[in-house]
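Peer 1: coords below, sequence missing:
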């Protein structure tokens, strides 16, 4: 819009616009003033060059917009001002944004103080609430303070949050405004942390995450001022922002959002430029310290232990200011966190639930390993983060030499020798000393973990659980059955039996133990134990070592001959068992190969799914390209229509200019702006002539009016004096009459008061009775309404029940109809098959009869040829009159007593057996005749 409502004229210059806005504010027209400033800021002519006046306009616009809570207009103005400043003076944009945020923050704080003062200014604290306040509290469920905050404070905090969000949208993904973007994000984090705005913080994280995803997704679409993460300085700015986000999330105790912030940091590390290995060492120390807090709150003991281990190794390598207490405190946390991890891993438990669960748990472990800074090879099937690997790393890195003796004793008791009967009892005094030990290891300010490094007593319950599980595991290797009371006495941690039982059953569910409780007899059974790899590795080898020590104690010295004999016997036994061992190794190798093949098959299936997803993505991209081409065609069509409209406008302007007597050259383009300016100039000339005429007429009327008033002045003065005298007399009379009336009214009121005062008690008692009766009526109405609701609810329930029954009957009928239809179809099919079999059987019998008849006729024909061979040769017969033997046999000739099948009788037309005449005139009952005789003796059809 180039004109404000109620005003006129185009967008003013910045100086004039500022003056005009001040004038409009002075007369209370803030909306018009805001529109005037907005027109100046958004005008393209003033966006080309930055000026101090334009900056002053922005300051004034910001003040007005904040006062009127116009967040959308502020965002529009900031976008236009950004386009003006980003190439010339970025500092001015920063000052304007800072001013906007400062003003909005001041107004929010002022509203908060105002709400508090409204609560502090309550008059009588013992006064009861008014009926209106009671009704509001019952209807809305809010207290007076809550309503005050919602009415006074909430709108300003909502506007302040909208301001932070608009500033981030204006500054995002612009290489020239990266520092401003980071500063704006920092102010937004500070706002959320200061006022404990958890919901807004989650939305803020989503906004920043969407900005980053958009930047990475469209990185190939290079622009002049587009942010490039391959630039080291830009990448560091974004990493610092995510660390600030992680800090705020931990301070607000939003641990899920803190973990998402960790994932954001990992995504940025993947996008790190060449030559940069990762964030700064100081940031990585904070990163691992925050991970320990996150995993502690989520009770992910394994990942918490690895986070402490990474924090210790990283701090020891890069932090040269660590004291001996800091190193001991961090090492103690690493060791205790590692010992607190349950001895069964999550992947084994997931494998017990199925292959898919195991693969999901393995992928989760790989993701956590990447977050903790480990290089993950996804083709490797084994788990990278395990308790055994972590304990091995602790021993290899020498952390046990850095911890106090008490913690080393805890490690030895849990991970040391086989001692199930005294393990838990030995741990009790050691665990009781942990709080005092943590206080003695108070870390300095150089320790990245902070005061939490001294809170060693937090590991006590987890260490007790691990100790109990290890005790039961060792007992299961020694005993097959044990009394529950004896088992409870081995864990003197002050637990109830139900707690111990739940922990043992948890271990059984994860496959670490094989135990069964018999509550009837008060025993626990360790039967059904399988030969596990760990038992083969540790228990048997430990037993062998102890037996060897016992043998040395029995026979400390042994002769050389006896030793040689024993060695040869051992070699012989080894050779005898070599075949069996080789078979076992081969079977194990085959099993491993099968598992690898299965893993490769699963990987191929996953790649196939990914390929299908990629094909679907390409199809979507193709569809998007087709949509883009369609949009391009629509744009070209709109461009064509626009050009046609411009040509029509040119024709219209040419006709109008020709009508005004102005000549336009052939092919000359008429400037619409110039044409409109010319027409406006002519209109201005006409308006000027009219204004001069009106000015002259107004001056003449002024002279006439002045002369008339000069003549009327003496008369008006005399009239005023007379009217004043009359009014004074009337006023005195009115005053006297009012006094009399007021006195009479007062006397009547006093009399009425004395008469009514006698009825006050009766009125109060009547009012109380009416209120009691109305309360009873209200209670009755409420009961009736509840009864009606209950009846309606019961009716709806009956309707639903009837509907379900009707639906059930309908389904039963449909099932019966389907079953009947299926039975009919089966019967019909069976009848059709039976008919087909009977027809086939009849055809087979007919074929057999025909075949026997052909064989018989062939025999007869052969016999006849043999008989003719002994007699004189018959006269020659033409080939046309000598039919084939089979045809003659089938022609129905006279065969005395011969059988002719029915199908051959129908074809020949002759009688069968002794029947009617056939083709050769053979009558009934005659003997067989040769074809020659049949042709000569009978009437030929030819």
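Peer 2: Yep, that arrived. No experiment lies behind these values; they were computed from the predicted model shown. Residues are numbered from 1 along each chain as shown.
Peer 1: Now the element after the host helix or strand of residue 359, going C-ward?
Peer 2: Under the criterion of DSSP states H and E, residue 359 resides in helix 355-371. Downstream of helix 355-371, the first helix or strand assigned by DSSP H and E is helix 387-397.
Peer 1: hmm, who's touching that following helix?
Peer 2: Here helix 387-397 makes contact (C-beta atoms under 8 Å, 6 or more residues apart in numbering) with 302, 305-306, 309, 313, 334-335, 338, 341-343, 345, 400, 415. C-beta coordinates here come from the backbone N, C-alpha and C atoms, glycine included.
Peer 1: Could you list the buried residues of it?
Peer 2: Judged by neighbour count using 16 or more other C-beta atoms under 10 Å, the buried positions of helix 387-397 are 387, 390, 391, 394, 397.
Peer 1: which parts of whichever helix or strand comes after it are buried?
Peer 2: The helix or strand immediately downstream of helix 387-397 is helix 405-415, counting by DSSP H and E. For helix 405-415, a neighbour-count test (16+ other C-beta under 10 Å) marks 406, 407, 408, 409, 410, 411, 413, 414 as buried.
Peer 1: For the third one, give its distance to residue 474.
Peer 2: Going from residue 408 to residue 474 by C-beta to C-beta, to the nearest Å gives 21 Å.
Peer 1: go on, residue 649?
Peer 2: From residue 649 across to residue 474, the span is 97 Å (C-beta to C-beta).
Peer 1: Tell me how the chain divides into domains.
Peer 2: The chain breaks down by automatic domain parsing into domains covering 1-119+146-171, 187-273, 387-553, 570-650.
Peer 1: To residue 715, which of the ones you listed lies closest?
Peer 2: Among those, domain 1-119+146-171 comes nearest to residue 715, with 39.6 Å by C-beta to C-beta.
Peer 1: quick one: low-confidence ranges for the stretch 301-450 of the chain?
Peer 2: The stretch 301-450 of the chain contains residues with pLDDT under 70 at 345-355, 376-383, 442-446, 449-450.
Peer 1: give me that answer again for 50
Peer 2: For the stretch 301-450 of the chain, the stretches with pLDDT under 50 are 347-348, 350-351, 381.
Peer 1: Please apply the same query to the chain.
Peer 2: Judged by pLDDT under 50, the stretches of the chain that qualify are 1-9, 120-129, 133-145, 347-348, 350-351, 381, 528-537, 871-898, 907-928, 931-942.
Peer 1: At the geometric centre of it, which residue do we find?
Peer 2: For the chain, the residue nearest the mean C-alpha position is residue 206 (11.5 Å; C-alpha atoms, centre = their mean).
Peer 1: what's the spacing between whichever strand or helix holds that one and its chain's center?
Peer 2: Assigned by DSSP H and E, residue 206 falls within helix 198-217. Computed by C-alpha atoms, centre = their mean, to the nearest Å, the chain-centroid distance of helix 198-217 equals 14 Å.
Peer 1: which parts of that helix are buried?
Peer 2: 200, 201, 202, 204, 205, 207, 208, 209, 211, 212, 215.
Peer 1: which residues are in contact with it?
Peer 2: 161, 164-165, 168-169, 172-173, 185, 188-189, 191-193, 227, 229, 238, 241, 245, 248-249, 252, 254, 257, 260-261, 264, 267-268, 271.
Peer 1: run the last query once more with 6 Å
Peer 2: Residues outside helix 198-217 that contact it (C-beta atoms under 6 Å, 6 or more residues apart in numbering): 161, 172, 173, 188, 192, 227, 252, 254, 257.
Peer 1: Identify each buried residue in the host helix or strand of the fifth one, please.
Peer 2: If you go by DSSP H and E, residue 192 is part of helix 178-194. Of the residues in helix 178-194, those buried by neighbour count under the rule 16+ other C-beta under 10 Å are 178, 180-185, 187-189, 191-193.
Peer 1: following the helix or strand hosting residue 615, which helix or strand comes up?
Peer 2: Assigned by DSSP H and E, residue 615 falls within helix 578-659. On the C-terminal side of helix 578-659, the nearest following helix or strand under DSSP H and E is helix 672-757.
Peer 1: got CSV for the buried residues of helix 405-415, with distance to residue 524 too?
Peer 2: Converted to CSV, these look like this (distance: C-beta to C-beta, whole Å):
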residue, distance to residue 524
406, 32
407, 32
408, 32
409, 29
410, 26
411, 28
413, 23
414, 21
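Peer 1: Residue 112: which of those residues is nearest?
Peer 2: Closest to residue 112, out of all of these and judged by C-beta to C-beta, is residue 407, at 49.1 Å.
Peer 1: Next, the angle from the strand or helix carrying residue 326 to helix 387-397.
Peer 2: Counting by DSSP H and E, the element that carries residue 326 is helix 324-340. Relative orientation of helix 324-340 versus helix 387-397 (axes from the mean of the first three to the mean of the last three C-alpha atoms, to 10 degrees): 150 degrees.
Peer 1: List the buried residues of helix 324-340.
Peer 2: If you call a residue buried by 16+ other C-beta under 10 Å, then helix 324-340 has these buried ones: 325-340.
Peer 1: likewise stretch 270-281?
Peer 2: Neighbour-count burial for stretch 270-281 [16+ other C-beta under 10 Å]: 272, 279.
Peer 1: before we move on, the earlier item: between the buried residues of helix 178-194, which is closest to residue 795?
Peer 2: Among the buried residues of helix 178-194, residue 192 lies closest to residue 795 (C-beta to C-beta), at 51.2 Å.
Peer 1: got the contact list for residue 185?
Peer 2: Contacts of residue 185 by C-beta under 6 Å, 6+ apart are residue 241.
Peer 1: so how far is residue 761 from it?
Peer 2: 72 Å.
Peer 1: Can you list the residue ranges for helices in the stretch 101-250 of the chain?
Peer 2: 131-140, 144-148, 154-171, 178-194, 198-217, 232-251 (DSSP state H, counting those that start in this stretch).
Peer 1: Now those helices in CSV, please, with extra columns for distance to residue 361.
Peer 2: CSV is the format used below for the helices of the stretch 101-250 of the chain (distance: least, C-beta to C-beta, whole Å):
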stretch, distance to residue 361
helix 131-140, 49
helix 144-148, 46
helix 154-171, 38
helix 178-194, 34
helix 198-217, 26
helix 232-251, 26
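Peer 1: Looking at those, which is nearest to residue 14?
Peer 2: So among the helices of the stretch 101-250 of the chain, helix 154-171 is nearest, using C-beta to C-beta, at 20.4 Å.
Peer 1: The closest one: which residues count as buried?
Peer 2: Of all the residues in helix 154-171, those buried under the rule 16+ other C-beta under 10 Å are 156-157, 159-168, 170-171.
Peer 1: Work out for me the element residue 277 sits within.
Peer 2: Short version, using DSSP H and E: residue 277 is in no helix or strand.
Peer 1: nope, residue 524 is what I meant
Peer 2: strand 523-525.
Peer 1: partner strands of that strand, parallel or antiparallel?
Peer 2: Paired with strand 523-525 in the same sheet, following DSSP bridges, are strand 481-483 (antiparallel), strand 516-518 (antiparallel).
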